[in-house]
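>>> no FASTA, just this:
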């Protein structure tokens with residue numbers, strides 16, 4: 001081939017290769033690609049129940065996620081026009097399913113899953129003093145806590161819980177297991193006025209708590225808290241010390257409050273006022289407090305929770321099972337108290353299923369008020385998502401599917417026999433859906449369960465270890 005021929009061949013070849021890239025259509029495609037933003041995760045095709053302030057429900061919707069945060073929520077066509085997957089990005093097809101914010105368990109004691117079914121059908125104080133406290137004294141170690149936490153985390157992930165608020169012992173170990181599993185936690189180290197498994201004196205417990213809080217400061221998943229057990233197990237002096245520690249470190253405070261009539265009677269006799277008013281009087285109540293149960297509150301106390309910005313967590317199953325009473329949830333909602341839902345520990349529930357809590361909360365308050373219109377399905381779902389986020393003082397970060405929030409979301413199957421046919425998505429989610437209908441779970445933009453397969457925990461190993469502890473616990477109580 002002559003020199004001229006080679007030059008002509010090169011020109012023709014260049015035209016053949018480059019001509020498609022020079023057409024108007026190709027130029028438009030390049031501009032479109034340049035205009036789109038690369039993201040780490042796209043969840044597309046499902047019915048997106050946002051739980052935002054407008055309660056948007058988006059048919060054939062999509063959620064785009066980058067660096068652990070939601071960057072877009074909207075119609076699938078619009079989201080896919082604006083966003084594309086990064087080279088190692090993940091796509092989750094949710095067609096025919098529902099996409100909701102991750103459920104938030106506002107109050108539990110995770111390692112107590114190892115006491116599940118140990119003692120049932122008992123009054124609260126008998127249950128605590130005759131069974132639970134002795135079992136804890138003989139069995140709770142750091143190993144117990146780690147095994148129990150892994151079991152609880154697996155159960156919660158399977159049920160679509162992406163954030164939980166805990167109070168127990170060896171909470172630093174709980175934090176390590178929680179972070180390793182990729183779950184979000186507000187984790188409170190329990191402090192109490194008698195020797196317990198991890199700290200034998202009050203001074204040791206407070207020193208542990210401060211180290212724990214400072215160690216986890218700024219972690220993307222873990223919020224370390226201090227958790228005085230209750231006003232009847234922690235003295236006024238010690239409650240004030242906890243208050244000072246929280247003020248000094250910025251840690252949240254988790255506490256049981258007004259759970260039983262006996263607690264109210266005892267505190268009122270000792271302090272002259274009921275529990276919430278007592279805590280307000282000593283300067284304990286602040287916008288960092290998360291109060292569990294709050295069953296026996298009068299109207300003045302409800303006003304104090306609102307005034308001080310306290311979060312309240314309703315635990316309907318536990319309160320019913322222990323016959324503690326019916327919390328004044330409707331009054332708290334009307335007064336705009338920060339209220340959410342929780343399971344309590346599996347020793348008094350006996351599971352960590354937030355779907356059951358939504359269902360029971362809605363039905364319990366209809367019955368107690370003799371009014372079918374009380375706590376409708378959409379509000380019950382709100383209590384388990386944005387409501388619990390508000391109770392944990394985290395509503396700017398989690399609780400709804402909105403641009404800028406943490407990417408905690410759940411894909412739920414809605415084609416089971418028990419879900420057919422579908423008329424109202426809120427009704428389906430609250431009154432028909434079960435934990436076993438959860439398909440895929442994403443926390444901080446990371447998939448921790450996909451198509452019912454746990455990705456961060458070894459389910460078989462967890463069950464083996466839990467069964468070994470069952471034998472130890474049974475033998476210790478003989």
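Yep, it's here. In this text the structure is predicted, and so the values were computed from the model without any measurement.

>>> where do the strands sit along the stretch 151-300 of the chain?
161-168, 184-191, 222-228, 253-257, 289-293 (DSSP state E, counting those that start in this stretch).

>>> format these as a markdown table; extra columns: distance to residue 400, mean neighbour count and mean pLDDT.
All C-beta spots, glycine's among them, are computed from the backbone N, C-alpha and C. Putting the strands of the stretch 151-300 of the chain into a markdown table (distance: least, Cβ to Cβ, whole Å; neighbours: other Cβ atoms under 10 Å; pLDDT from 0 to 100) gives the following:
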| stretch | distance to residue 400 | mean neighbour count | mean pLDDT |
| --- | --- | --- | --- |
| strand 161-168 | 12 | 28 | 99 |
| strand 184-191 | 15 | 28 | 98 |
| strand 222-228 | 18 | 27 | 98 |
| strand 253-257 | 23 | 27 | 98 |
| strand 289-293 | 19 | 27 | 98 |
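
>>> let me have these in TSV, extended by distance to residue 63.
As requested, the strands of the stretch 151-300 of the chain are exported to TSV (distance: least, Cβ to Cβ, whole Å):
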stretch	distance to residue 63
strand 161-168	14
strand 184-191	17
strand 222-228	24
strand 253-257	30
strand 289-293	28
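
>>> for the ones you listed, which one sits closest to residue 245?
Residue 245 lies closest to strand 222-228 among those, at 5.8 Å (Cβ to Cβ).

>>> give me the contact list for the closest one.
165, 167, 171, 175, 178-179, 184-192, 209, 212-213, 215-217, 234, 238-239, 242, 245-246, 251-255, 290, 394 (Cβ atoms under 8 Å, 6 or more residues apart in numbering).

>>> which one of the strands of the stretch 151-300 of the chain lies closest to residue 100?
strand 161-168 (10.3 Å).

>>> one step back: for residue 278, which of the strands of the stretch 151-300 of the chain is the nearest?
Per Cβ to Cβ, nearest to residue 278 of these: strand 253-257, 9.9 Å.

>>> give the other helices and strands that that closest one contacts.
strand 184-191, strand 222-228, helix 236-249, helix 275-281, strand 289-293 (3 or more Cβ pairs under 8 Å, 6 or more residues apart in numbering; DSSP states H and E).

>>> got CSV for these, with distance to residue 324 too?
Shown next, in CSV, are these (distance: least, Cβ to Cβ, whole Å):
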stretch, distance to residue 324
strand 184-191, 19
strand 222-228, 19
helix 236-249, 22
helix 275-281, 13
strand 289-293, 7
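
>>> tell me which of the ones you listed lies nearest to residue 117.
That would be strand 289-293 among the helices and strands packed on strand 253-257, by Cβ to Cβ, at 21.4 Å.

>>> what's the nearest residue to residue 294 once chain neighbours are set aside sitting at in phi/psi?
Leaving out its chain neighbours, the residue that sits closest to residue 294 by Cβ to Cβ, 6 or more residues apart in numbering is residue 312, at 4.6 Å. When read as degrees, to the nearest 10, the backbone of residue 312 gives phi -120, psi 140.

>>> what sits against residue 312?
Residue 312 neighbours (Cβ under 8 Å, 6+ apart): 291, 294, 305, 327, 332, 337, 338, 339, 340, 391.

>>> among these, which two are most distant?
Longest span within the contacts of residue 312, Cβ to Cβ: 327 and 338, 13.8 Å.

>>> run a quick neighbour tally on the nearest residue to residue 401 once chain neighbours are set aside.
Nearest residue to residue 401, sequence neighbours excluded (Cβ to Cβ, 6+ apart): residue 50, at 4.4 Å. Using other Cβ atoms under 10 Å as the criterion, residue 50 is surrounded by 23 other residues.

>>> also residue 351?
So residue 351, with other Cβ under 10 Å, has 17 neighbours.

>>> quick check, pLDDT for it.
Residue 351 is assigned 98 on the pLDDT scale.

>>> do the same with residue 339
98.

>>> which stretch of helix or strand covers it?
strand 338-341 (DSSP states H and E).

>>> paired strands for that strand, with orientation please.
With DSSP bridges as the test, strand 338-341 is paired with strand 311-314 (parallel).

>>> what pLDDT, on average, does the partner strand get?
98.

>>> and the next element down the chain from that strand?
Next element after strand 311-314 (DSSP H and E): helix 316-321.

>>> list the helices and strands that next one packs on?
helix 354-369.

>>> kindly recompute the last result at 10 Å.
Counting by 3 or more Cβ pairs under 10 Å, 6 or more residues apart in numbering; DSSP states H and E, the packing neighbours recorded for helix 316-321 are helix 124-126, strand 289-293, helix 354-369.
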